[in-house]
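# Curious how this folds, go ahead:
(chains A and B)
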Amino acid sequence: GAVVSQHPSRVICKSGTSVKIECRSLDFQATTMFWYRQFPKKSLMLMATSNEGSKATYEQGVEKDKFLINHASLTLSTLTVTSAHPEDSSFYICSARPTSGQETQYFGPGTRLLVL
Amino acid sequence: QQQVKQSPQSLIVQKGGISIINCAYENTAFDYFPWYQQFPGKGPALLIAIRPDVSEKKEGRFTISFNKSAKQFSLHIMDSQPGDSATYFCAATRPGRRALTFGSGTRLQVQP
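Numbering: from 1, shown residues only, chains lettered A, B, ... in the order given. Reported below is the predicted structural model:
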C-alpha cells in the first residue's frame, strides 16, 4: 500500500515550453501533497505545499507564476513548469500525506526534467 | 537556516558491519523524525520513523536511537549489505508545518 506515482518519469523539452507533471496517490487519499526539487547529490528542497481545493503555499524564493500547482482531487496534484528554461532542469519529486492523519509522507518516483 | 544537520556526508562500511548516521535538530517543536532511503534516480522511500517519546525503535536491521535532551537522533543499520548502498536522509516535521525538513543526506557505500 501507500503508492505514489508520477508522470512522466522523464521529459525533455525546448526552452520556452511548458511542462506538466502529475502526482497521484494510488491507494489512499491525500489532502496534502508536497512538491520538492532535488539537484544532483543534494538534498530535497521543498517548493510548495499543495492542498486539495485551495491554493498552494509556496516556499520563499519559489516563483508561483513559474511553478503552477493544482490539487484538483484527493488523489491528484499537478505541477506545471511554465516557460521552462535550462536552469529549471532538475529532478522533481512529489510526496503525499494520507488524509487519515498519519504523519508519514510517501514519495513518488520523481520526474527528471531536462530543458534544452 | 539548516534546521536538521546530518553527518557524515559519506560513509564506507564493510559488508556485515554497522552503519551509523547521525542527525541533530534545532527546533524543539519537531515531533516526528523519519528516515528515508534513496537510490539514484528514484524517489525517497520511508525506512523507519520515531517520535520523541520513545528513545529507540527497531525494525529489522534498522534502528533509530533518539536523544531528546541532546536533540539528536541516529540511524543504525546492522549487518550492512551491498544492497543497502544508497543515500539516506533524516527528516523532521512539526505540528502546524506538515512539510518535511530534510538533512543534507549521507551516501552510504557497503563494500562486499
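
# And the strands in the chain?
Assuming you mean chain A. A:4-7, A:10-13, A:19-25, A:32-38, A:44-51, A:57-58, A:67-73, A:76-81, A:90-97, A:106-107, A:111-115 (DSSP state E).

# try again with chain B
So, for chain B - with DSSP E - the strands run B:4-7, B:10-14, B:19-25, B:33-38, B:45-50, B:56-59, B:62-67, B:72-77, B:86-94, B:97-102, B:106-111.

# Could you find the closest non-adjacent residue to whichever residue of chain A sits closest to chain B?
Evaluated by C-beta to the nearest C-beta, chain A has A:Phe107 as its residue closest to chain B, separated by 3.9 Å. Glycine gets a C-beta too; all of them are placed from N, C-alpha and C. Leaving aside its sequence neighbours, A:Phe107 sits nearest to B:Gly43 (C-beta to C-beta, 6 or more residues apart in numbering or on different chains; 3.9 Å).

# For the one you found, list the residues it contacts.
A:4, A:6, A:93, A:95, A:107-110 (C-beta atoms under 8 Å, 6 or more residues apart in numbering or on different chains).

# before we move on, back to that, now the strands of chain A as TSV including distance to B:Val110, mean neighbour count and mean pLDDT?
Shown next, in TSV, are the strands of chain A (distance: least, C-beta to C-beta, whole Å; neighbours: other C-beta atoms under 10 Å in any protein chain shown; pLDDT from 0 to 100):
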stretch	distance to B:Val110	mean neighbour count	mean pLDDT
strand A:4-7	27	18	96
strand A:10-13	28	14	96
strand A:19-25	32	21	96
strand A:32-38	23	24	95
strand A:44-51	23	21	92
strand A:57-58	39	18	94
strand A:67-73	37	17	92
strand A:76-81	34	21	96
strand A:90-97	24	25	95
strand A:106-107	23	24	94
strand A:111-115	26	18	97
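
# Would you format those strands as TSV with distance to B:Arg107 included?
Below are the strands of chain A laid out as TSV (distance: least, C-beta to C-beta, whole Å):
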stretch	distance to B:Arg107
strand A:4-7	23
strand A:10-13	23
strand A:19-25	26
strand A:32-38	14
strand A:44-51	15
strand A:57-58	30
strand A:67-73	28
strand A:76-81	27
strand A:90-97	16
strand A:106-107	18
strand A:111-115	19
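
# Quick one: residues contacting the residue nearest the centre of chain A.
Centroid-nearest residue in chain A, with C-alpha atoms, centre = their mean: A:Trp35, separated by 3.7 Å. Counting by C-beta under 8 Å, 6+ apart, A:Trp35 makes contact with A:23, A:46-48, A:50, A:67, A:69, A:77, A:79, A:92-94.

# How about B:Trp35?
B:46-49, B:62, B:64, B:75, B:88-91.

# hang on, the earlier thing: contact partners for the closest residue to the residue nearest to the centre of chain A other than its chain neighbours?
Counting by C-beta to C-beta, 6+ apart, A:Trp35 lies nearest to A:Met47, which is 4.6 Å off, once chain neighbours are set aside. Counting by C-beta under 8 Å, 6+ apart, A:Met47 touches A:35-37, A:58-59, A:62, A:67, A:79.
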